[in-house]
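Asks: sequence and predicted structure are below.
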Amino acid sequence: MNIKNRRYSKKRIRILLAKAGLDGHDRGIKIIAMALRDAGYEVIYLGLRQTAEEIINAALEEDVDVIGISLLSGAHNVIFPTILKLMKEKGLKDKLLIGGGIIPKEDIARLKKKGVAEVFTPGTRTEEIVNFINEKTYNRTIKRQ
């Protein structure tokens with residue numbers, strides 16, 4: 001496994017994970033949560049059927065570095081823009097927003113243009129997600145300390 005781990009830095013990366021919308025399938029996000037914990041991150045999993053407002057309020061309360069949203073319901077073109085809007089309104093523009101689920105490639109490109117950092121589709125290796133988060137958050141957390 002080739003994971004660039006930041007486990008021993010002074011501040012642990014805090015990641016909020018949530019299932020947004022009406023989707024009730026959570027096996028994948030639970031596997032991701034375990035992999036992120038094993039990589040040394042602090043993970044807060046909100047569970048199923050979260051609204052954009054609940055997710056953003058929790059992100060503020062928990063002072064997270066990364067917000068990860070899992071969607072299988074097809075509502076990604078509504079939920080992600082709503083989350084991005086709330087992040088801007090609540091002063092969370094500097095937080096990393098990532099997503100996962102069954103999302104068509106053409107929609108992924110549009111979501112990334114709007115501000116979603118990355119979208120991981122089924123079959124993505126957990127090491128790839130860990131490496132992406134390390135790469136994108138390491139410099140941010142060093143600046144915050």
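Replies: Cool, the structure landed. This one's a predicted model, so the numbers in the text were calculated from it and none came from an experiment. Numbers count the residues shown, from 1 in each chain.

Asks: quick check: residue 15 touching residue 44?
Replies: Yes. With contact defined as CB atoms under 8 Å, residue 15 counts as touching residue 44 (7.1 Å). For the C-beta atoms, the positions are set from N, CA and C on the backbone; glycine is no exception.

Asks: these two: which is more packed in?
Replies: residue 15 (25 against 15; other CB atoms under 10 Å).

Asks: list the contacts of that one.
Replies: By CB atoms under 8 Å, 6 or more residues apart in numbering, the contact set of residue 15 is 36, 41-44, 64-68, 133.

Asks: quick one: the strands in this structure?
Replies: 14-19, 42-45, 66-71, 96-101, 118-120 (DSSP state E).

Asks: so which of those gets nearest residue 107?
Replies: Residue 107 lies closest to strand 118-120 among the strands of the chain, at 8.3 Å (CB to CB).

Asks: what helices or strands is that closest one leaning on?
Replies: In terms of contacts (3 or more CB pairs under 8 Å, 6 or more residues apart in numbering; DSSP states H and E), strand 118-120 is packed against strand 96-101, helix 105-114, helix 126-144.

Asks: so where is this structure shaky, pLDDT-wise?
Replies: Residues of the chain meeting the criterion pLDDT under 70: 1-10, 139-145.
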